[in-house]
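> Dropping the sequence and predicted coords here.
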Amino acid sequence: PAVESLAAPVPAPQVSVPQPTPQPVPQPVPVLAPHEPDWVERAVGAARDWLLGGNSVVRVGILVLFFGVAFLLKYAADNSLLPVEFRLAGVAVGAIVLLGIGWRLREKRPGYALVLQGGGVGVLYLTVFAATRVVPLLNPGMAFPLLVLI
């Protein structure tokens, strides 16, 4: 006897053909303009160059001189070695000498001269402050115009 299959016919497997994906069209690489620094970057760069540029040894020397003069004025005021007017006048003359040397060197060595002039101005400020606060030789009404003049 013939056996008939009661099973449903098996469907033929579907063969899927992959559809080709469209290839992206290569875009030309944009040419970027050179980065121009903004005002913050320029300011930070200028501050860094001012602080770290030039002769660092001279700058450190002027700072040491400035603090040395401050301690000298305090020591001289505490121990009464000379009359106070002579002490302050001597420090002021030293500061004016620094300013004069800086002025003479301004053409040959401008960086060095500028540091010497800055040190001279700082020492003059310190002298006027000492004459006003440490030993009250100047009243504040006279010290302020003098500081503005310096």
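Yep, that arrived. Numbers count the residues shown, from 1 in each chain.

> contacts and neighbour counts: CA atoms only from here.
OK.

> by contact count, what packs against the helix ranked longest in the chain?
Counting by DSSP state H, the longest helix found in the chain is helix 56-79. In terms of contacts (3 or more C-alpha pairs under 8 Å, 6 or more residues apart in numbering; DSSP states H and E), helix 56-79 is packed against helix 84-104, helix 110-129.

> Now the helix or strand following the last one: buried residues?
This means helix 110-129. Elements were assigned by DSSP states H and E; along the chain past helix 110-129, the next helix or strand is helix 140-149. Of all the residues in helix 140-149, those buried under the rule 16 or more other C-alpha atoms under 10 Å are residue 143.

> so how far is helix 140-149 off the chain centroid?
Helix 140-149 sits 29 Å away from the centroid of its parent chain (C-alpha atoms, centre = their mean, to the nearest Å).

> For it, the averaged confidence score.
For helix 140-149, the mean per-residue pLDDT is 91.

> who touches it?
Helix 140-149 is contacted from outside by 125, 128-129, 132, using C-alpha atoms under 8 Å, 6 or more residues apart in numbering.

> any weak-confidence spans in the chain?
For the chain, the stretches with pLDDT under 70 are 1-18, 20, 22, 32-33, 54.

> which of the residues in stretch 78-96 are buried?
Those would be 84, 87-88, 91-92, 95-96, for stretch 78-96 by 16+ other C-alpha under 10 Å.

> Spatially, and excluding backbone neighbours, which residue is closest to residue 136.
Nearest residue to residue 136 in three dimensions, chain neighbours excluded: residue 130, at 7.9 Å (C-alpha to C-alpha, 6 or more residues apart in numbering).

> Take the contacts of helix 140-149 and write them to CSV, including neighbour count.
Formatted as CSV, those follow (neighbours: other C-alpha atoms under 10 Å):
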residue, neighbour count
125, 19
128, 22
129, 18
132, 18
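
> Stretch 115-129: how far from the chain's middle?
21 Å.

> Can you pull out the residues in contact with that stretch?
58-59, 62-63, 66, 69-70, 88, 91-92, 94-103, 138, 143, 146-147, 150.
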